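> Here is a sequence together with a model predicted from it:
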Amino acid sequence: MSPKFAWGNAEALLMSAKRSRSKSSSLRKAQRKALSAEARESRQDRRKHLPNRMVQCSKAPLGELTAIDWNDLLGREHFQIDLNSVRHIFAGKIVLVTGAAGSIGSELCRQILECQPAKLVCIDHSETGLFYLQTQLRENYRDAAIVYCVEDFTHSDPVKNIFDIHRAQIVFHAAGYKHVPIMEENPRAALENNVFGLIRFLDICEAASCEAFVLISSDKAVNPTSVMGCTKRLGELILAVDRGMRCLSVRFGNVFGSHGSVVPLFLKQIEENKPLTVTDSEATRLFITVGEAVSLLLQAAAIGKCGEILVLEMGEPIRIGDLADTLLRRFGGLQTLRHPGIKLTGLRPGEKLHEELFYEYEQVLSTSCDRIKRLSGIVPSWPELKSQLETLQALLYTVNDDRLRAQIQRIIPEYCYMPAVTSEVHFGRVASLPPKDYQSSSPRTAFPSSAGQTVAIDAGFLQS
């Protein structure tokens, strides 16, 4: 047999095998197509027979989900804020930001860098978060002096060392625990971090001769029903004390698109074809975009006086059910709120039906910035507050959750919670929901039309 003849036979066999594989492949494709069509028909048939509450939304492309017009969701125009008037406050200064890798912290870093500080010190306990922040900032601020410190602000000795080295002049404190249900299960962690850690951090800043300290507060500090909200209110009271440096608190509501907030959760549920979980059909929240919040924060840092609580304008409250409905219409293919892609889950421990921006006894005053208000009200003296906080700290790991919450209520009389049925010592027990009738039917959230209106002061505020 000649080599040429052998090769001819092999070539023929190879071509025959290719044709056979091609036929098999075509057959398999046809079978898969038929099975896919059958499965699709089966799913559609099953969906027709599901009750309304179980109908899921159709899947939207991930790229489409991320292209969100926040202003459209807010139902208002974006706040136009000119930062030129405050650039000189930060230009040439050494600015330090805690929680720098978070949503607010990272945007603070970007906007502060636009003001050309002498140095920006970024502190966060998340190494991965700082890595991503560093990657982002390097692209746009190659010549800026930026320091990244992987550290927990509650660790006094390492933080002292950071201040000794970098000599920060202005501090934005964006770090802290913020998730209400998680902190209801971990009240001691919330107090250790947001209250006692804050006090130690303030002492370090004051000893380092810082010029200004700005605390990021929350609307959950008003008439709190959660431990987290109480820690934010305690932070406001602690900063209201006259110190050697200018300290102020800035109170505002939810930030659209921040880590753990409701919009990214809804988008993830839509992408995964899962029902959108809404706590209550009547629940409302106050929203602001991260860019707006930070621009107003910088304005507040420039105009705020020592011990003041400033409040950012948030616009009208938004029903969470309406927000879910809007996202479903846009990305999920559902047309009404009654078409459930939406599942009502009930309020979680510590949550309120409506959030508020002001206490009834707080006098709301105007500032040089239309979208920032200044609050005036009676606060405890530092000796009194310090004594109550020392008692709270002593009880931290020696009593059960109910007694701990009772001590918090002695400091914040407006704090409303429902004691557990049992009184056994059990650290980390989930708190009960607050009484239903506590939820305000008309929460004080809007800026008053006439600034400076006199309101009654709650005489019980100073009682121990």
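Yes, it's here.

> Any figure for the gap between residue 240 and residue 221?
12 Å (Cβ to Cβ, to the nearest Å). Backbone N, C-alpha and C define where each C-beta goes, glycine included.

> In terms of neighbours, single out the busier of the two.
residue 221 (27 against 21; other Cβ atoms under 10 Å).

> contacting residues for that one?
Residues counted as contacts of residue 221 (Cβ atoms under 8 Å, 6 or more residues apart in numbering) are 229-230, 232-233, 235-236, 251.

> Of these, which pair is most distant in space?
Greatest spatial distance among those (Cβ to Cβ): 230 and 251, at 14.1 Å.

> quick revisit: out of the contacts of residue 221, who's nearest residue 139?
residue 251 (32.9 Å).

> which non-adjacent residue is nearest that closest one?
Excluding its sequence neighbours, the residue lying closest to residue 251 (Cβ to Cβ, 6 or more residues apart in numbering) is residue 217, at 4.3 Å.

> for the chain, which spans come out with low pLDDT?
For the chain, applying pLDDT under 70 flags the ranges 1-72, 332-340, 420-464.

> Could you rerun that using 90?
1-85, 241-244, 256-275, 281, 315, 324-342, 377-378, 417-464 (pLDDT under 90).

> Find the nearest non-adjacent residue to residue 259, please.
Nearest non-adjacent residue to residue 259 (Cβ to Cβ, 6+ apart): residue 103, at 5.4 Å.

> ok, the one you found - how many residues close by?
Residue 103 has 20 neighbouring residues, counting by other Cβ under 10 Å.

> that older thread, roughly how far apart are the residue nearest to residue 251 and residue 165?
Applying Cβ to Cβ to residue 217 and residue 165 gives a distance of 29 Å.

> more crowded one of those two?
Taking neighbours as other Cβ under 10 Å, residue 217 and residue 165 compare with residue 217 leading, 24 against 11.

> List the residues that contact the more buried one.
So residue 217 contacts 232, 235-236, 249-252, 309 (Cβ under 8 Å, 6+ apart).

> ditto for residue 193
154, 176-177, 231.

> doesn't it fall inside a helix?
Yes. Using DSSP: H, G, I helix; E, B strand; the rest coil, the assignment for residue 193 is a helix.

> Strands along the stretch 1-150 of the chain, start to end?
94-98, 119-124, 146-150 (DSSP state E, counting those that start in this stretch).

> Setting the sequence-adjacent residues aside, check what's closest to residue 359.
residue 222 (5.8 Å).

> ok, how many other residues are close to the one you found?
26.

> so it touches residue 356, yeah?
Yes. Here residue 222 reaches residue 356: they are 4.4 Å apart, a contact under Cβ atoms under 8 Å.

> Between the strands of the stretch 1-150 of the chain, which one is closest to residue 301.
strand 94-98 (9.6 Å).

> in which helix or strand would I find residue 203?
helix 197-207 (DSSP states H and E).

> mind checking how far that helix is from the chain centre?
23 Å (Cα atoms, centre = their mean, to the nearest Å).

> wait, residue 318 sits on residue 263?
No. In this structure, residue 318 is not within contact of residue 263 by Cβ under 8 Å, at 10.7 Å.

> higher neighbour count, the two?
residue 318 (23 against 19).

> where's the more buried one relative to residue 326, distance?
For residue 318, the distance to residue 326 - Cβ to Cβ - is 9 Å.

> List the buried residues of stretch 397-410.
399-402, 404-405, 407-408 (16 or more other Cβ atoms under 10 Å).

> Nearest to residue 123 among those residues?
residue 408 (27.6 Å).

> what sits up against the helix or strand where residue 383 lies?
For residue 383, the host element (DSSP H and E) is helix 382-395. Helix 382-395 is contacted from outside by 191, 195-196, 199, 234, 237-238, 241-242, 379-380, 403-404, 407-408, 410-411, 462, 464, using Cβ under 8 Å, 6+ apart.

> Please flag which of the contacts of residue 221 sit within strands.
Applying DSSP state E to the contacts of residue 221, the entries found in strands are residue 251.

> Rebuild the contacts of residue 221 as JSON lines, extending it with neighbour count.
Shown next, in JSON lines, are these (neighbours: other Cβ atoms under 10 Å):
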{"residue": "229", "neighbour count": "27"}
{"residue": "230", "neighbour count": "28"}
{"residue": "232", "neighbour count": "27"}
{"residue": "233", "neighbour count": "26"}
{"residue": "235", "neighbour count": "23"}
{"residue": "236", "neighbour count": "22"}
{"residue": "251", "neighbour count": "25"}
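
> List the buried residues of stretch 187-206.
Buried residues in stretch 187-206 (16+ other Cβ under 10 Å): 187-188, 190-198, 201-202, 204-205.

> try stretch 363-377
Buried, per 16+ other Cβ under 10 Å, within stretch 363-377: 363-364, 367, 369, 371-375, 377.

> still on that earlier bit, and the residue nearest to residue 359, what are its phi and psi?
phi -90, psi 120 (degrees, to the nearest 10).

> ok, now residue 270?
Dihedral angles (degrees, to the nearest 10) for residue 270: phi -60, psi -40.

> Wait, it touches residue 326, no?
No. Residue 270 lies out of contact with residue 326 (Cβ under 8 Å); the separation is 11.5 Å.

> Those two - which one has more neighbours?
Legend: neighbour count by other Cβ under 10 Å for residue 270 and residue 326, higher for residue 270 (27 against 16).

> ok, then the element right after the helix holding residue 203?
strand 212-216.

> Tell me what angle that following strand forms with strand 94-98.
20 degrees (axes from the mean of the first three to the mean of the last three Cα atoms, to 10 degrees).

> which other residues reach strand 212-216?
Contacts of strand 212-216 (Cβ under 8 Å, 6+ apart): 99, 104, 169-174, 176, 198, 202, 205, 235-236, 239, 245-250, 297, 300-301, 304.

> what pairs with that strand, and is each one parallel or antiparallel?
Here strand 212-216 is paired, per DSSP bridges, with strand 170-173 (parallel), strand 246-251 (parallel).

> Contacts for whichever helix or strand comes after the longest one next, please.
Moving toward the C-terminus from strand 246-251, the first helix or strand encountered (DSSP H and E) is strand 254-256. Counting by Cβ under 8 Å, 6+ apart, the neighbours of strand 254-256 from elsewhere in the structure are 70, 73-74, 103-104, 219, 261-263, 285-290, 293, 355.
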